[in-house]
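Student: How does the following fold in three dimensions:
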Amino acid sequence: MTFDPTAIHGTPYGAPLVPRLPIRMRRTEILTVVYRTDPSAADALIPDPLVLASDLVTVHVYAMRDADWFGVYCESAVQLAVRTPDGQPAVYSPFLVLESAGAVAAGRELYGQPKKDGQVSLDVRGDLLVGTVSRNGIDVITATTCFKQQAAPPGLLESLVPGAGTNVNLRVLGGDGDSLRRELVARDFEDVVVHEAWVAPATIELRPNAQVPVHRLPVLGVEIGLHRTIDLTLPPGRVIHRYDDPAPV
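Tutor: As a prediction, the model looks like this:
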C-alpha cells in the first residue's frame, strides 16, 4: 500500500493530532467569572488594529465531558472585550491553559489561540463550584462561585460583554525560510444548546507566573459568576485581518 500524502488532512498518518473542523462538544460545563481590571493593563495585551472595548475580563474554566477527537479534559481561557477592525464587538484571548495535547495543537494551528499545556480542574466542593488553573506547579487562577443559587436569564453574558460569542486570536504561521504569516482569526460557536445556566456571587484570585502571566490583569472588582452546561460546535475560523511583513532591516 502506497502512502499518498494528498489523501490525508493531518499528521501523524493514521492518527492526526489536529482534526478537521467542525467538531462537536457535548455537555460542556463552564464556570465563567467576569471582573474589572486596569484598562491600561488590558490595552497592553491587545494587538492593533483591535481596540479595547471595556475594562472587563472574562475568565472561563471548562470541563469538556464529551468532545469529538479530544475525549474528556479541562480547559481555561482569559478573554478581553475588543472591537474588530470593522467595529464589531468580540473578545480577544491573551492566555489559554489546558490539558489536552490535541486541543492545544488544534487551537494554535487552526485558530491561533495562544494555548499552553497545564493543569485545569472544575469541581464541586460542598456548596461551592471551584475552577483552578495551574502551570509549573503554581495555581495561577482560582475561581469560585456559589453552587446553583439562581437561574441565569438568557443572554446574560452577552448583555454584559457584547461580542462574548466571537473569539478573535492572533495566528502566527511559519512560511518559507524564516518568514512568518500573521493574521487575526475570528470564530463563533455554532449550534449552541444551553442545558442549564446559573448566576451567583463569585471570586477570582490570580498568582504570578512568568509562563502564564495572568497577574498582568489585576482584579479590581468581580461582576458576576456564571455556571452553565452547554453543547456547542467549533466551526472553521475566518481571517479578519492580515499583517504586512515588516520591512527588512
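
Student: Remind me which helix or strand residue 64 belongs to.
Tutor: strand 51-67 (DSSP states H and E).

Student: What are the buried residues along that strand?
Tutor: Buried residues in strand 51-67, counted by 16 or more other Cβ atoms under 10 Å: 52-65, 67. No exception for glycine: its C-beta is placed from N, CA and C like everyone else's.

Student: Tell me how far the most centrally placed residue in the chain lies from residue 59.
Tutor: The residue lying closest to the centre of the chain (Cα atoms, centre = their mean) is residue 77, at 3.7 Å. Plainly put, residue 77 is 7 Å away from residue 59 if you go by Cβ to Cβ, to the nearest Å.

Student: Kindly report the same for residue 205.
Tutor: Residue 205 is 11 Å from residue 59, by Cβ to Cβ.

Student: What does residue 38 show for phi and psi?
Tutor: Note on residue 38: backbone dihedrals following degrees, to the nearest 10 are phi -70, psi 120.

Student: Now do the contacts for the spatially closest residue to it that is not a sequence neighbour.
Tutor: Distances taken as Cβ to Cβ, 6 or more residues apart in numbering put residue 218 closest to residue 38, at 5.8 Å, once the chain neighbours are dropped. By Cβ atoms under 8 Å, 6 or more residues apart in numbering, residue 218 lies in contact with 37, 38, 41, 206.

Student: Go through those and flag which are in helices.
Tutor: Within the contacts of residue 218, residues falling in helices by DSSP state H are residue 41.

Student: Going by neighbour count, which of the contacts of residue 218 comes out on top?
Tutor: Using other Cβ atoms under 10 Å as the neighbour test, these are led by residue 206, with 24 neighbours.

Student: Verify the contact between that one and residue 215 for me.
Tutor: Yes - counting by Cβ atoms under 8 Å, residue 206 does reach residue 215; the two are 4.8 Å apart.

Student: so what sits against both of the two?
Tutor: What both residue 206 and residue 215 touch, as defined by Cβ under 8 Å, 6+ apart, is the set residue 140.
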